[in-house]
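*Asks:* 3D, please:
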Amino acid sequence: QVHVVESGGGLAQPGGSLSLSCEVSGKIFVIYATHWYRQPTGQQRELVGTVSYGGRPTYADSVKGRFTISRDAASNTTHLTMNSLKPEDTAVYYCKADVISNNYERGYEYWGQGIQVTVSS
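*Replies:* Modelled structure (predicted):
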């Protein structure tokens, strides 16, 4: 069993900053990728960024240069640091972890429950 839990978030003013964390726990052989998604109210979920095992993070054009993804392999935690926030960044943010629980087995996707980020003055 694998659990994904997001934390952080909340309310920020335009131009401000917030940080989210995504902790993965349970039966983990390797987390080969972690993704951040977001879903504004009434809109489709969109990919914000991805960090793969041993790779460099990639970002959606809408957040490039403002958001940073970092991964702490020792704690199985991934962080999303959001700077220069805009009202259009308001959404529920989700973390998805691609996890292999046992060697020589396929990986599975595990989603967190989501966390609200609101950018408003």
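*Asks:* how far away is the residue nearest the centre of the chain from residue 1?
*Replies:* Centroid-nearest residue in the chain: residue 36, 3.0 Å away (criterion: CA atoms, centre = their mean). Counting by CB to CB, to the nearest Å, the gap between residue 36 and residue 1 amounts to 22 Å. Yep, even glycine has a C-beta here, placed from its N, CA and C like the rest.
*Asks:* Check residue 119 too.
*Replies:* In this structure, residue 119 and residue 1 are 34 Å apart, going by CB to CB.
*Asks:* show me where the protein has strands.
*Replies:* When secondary structure is read from DSSP state E, the chain shows strands at 2-8, 10-12, 18-26, 30-39, 46-52, 58-59, 67-72, 77-82, 91-100, 108-111, 115-119.
*Asks:* So for the shortest one, mean pLDDT?
*Replies:* Per-residue pLDDT values across strand 58-59 average out to 98.
*Asks:* how far does it sit from the chain's center?
*Replies:* Averaging C-alpha coordinates over strand 58-59 and over its chain gives two centres that are 11 Å apart (CA atoms, centre = their mean, to the nearest Å).
*Asks:* Output the contacting helices and strands for it.
*Replies:* The contact analysis (3 or more CB pairs under 8 Å, 6 or more residues apart in numbering; DSSP states H and E) places strand 58-59 against strand 46-52.
*Asks:* thinking again about what came up before, neighbour-wise, which of residue 119 and residue 1 wins?
*Replies:* Remark: of residue 119 and residue 1, residue 119 carries more neighbours, 19 against 7, as counted by other CB atoms under 10 Å.
*Asks:* So that one sits against residue 12, correct?
*Replies:* Yes - under the criterion of CB atoms under 8 Å, residue 119 makes contact with residue 12 at 5.4 Å.
*Asks:* any common contacting residues for these two?
*Replies:* The contact sets of residue 119 and residue 12 overlap at residue 85 (CB atoms under 8 Å, 6 or more residues apart in numbering).
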